[in-house]
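# here you go, sequence then predicted model.
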Amino acid sequence: MYQEVNSGFFNLVSFPFLFGVMFGDVGHGGLLFLVALLFLAFPDMFTRMGLGSMVKNRYLLFMLGLFSTFAGLCYNDFMSIPIELPHGS
């Protein structure tokens, strides 16, 4: 009717990235990533436990953890402790 652009696709990609920039930490992002992997691997078990709403958002949690871990590597931050990564020559 109005011929507007649906911004859902852009939000689907940009929200996890901006979350990772805001919440960039290898430790916390890695934990979120591992929890999302559990939700991806065993969705039926978590649905029976009453966590159906979390199972519905398992792909979003996966992306949030992935981008947060990536940004944490860029920031050299693990559980709010700086990481000393080796420098190239």
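Looks like it arrived, so ask away. Owing to the predicted nature of the structure, the values given are computational and were not obtained by experimental measurement.
# when you work out contacts or count neighbours from here on, use the C-alpha atoms and nothing else.
Fine.
# tell me how many other residues surround Phe39.
The number of residues packed near Phe39 is 24, by other Cα atoms under 10 Å.
# shouldn't it be in contact with Thr47?
No - in this structure, Phe39 is not within contact of Thr47 by Cα atoms under 8 Å, at 9.4 Å.
# and the closest residue to Met79 other than its chain neighbours, how many neighbours does it have?
Leaving aside its sequence neighbours, Met79 sits nearest to Gly27 (Cα to Cα, 6 or more residues apart in numbering; 5.1 Å). Gly27 has 19 neighbouring residues, counting by other Cα under 10 Å.
# how close does Gly27 get to Ser68?
Look at Gly27 and Ser68: by Cα to Cα, to the nearest Å, they are 9 Å apart.
# identify the residues contacting Arg58.
With contact set as Cα atoms under 8 Å, 6 or more residues apart in numbering, Arg58 has these partners: 36, 39-40.
# swap the cut-off to 10 Å and go again
33, 35-41, 43, 52, 64 (Cα atoms under 10 Å, 6 or more residues apart in numbering).
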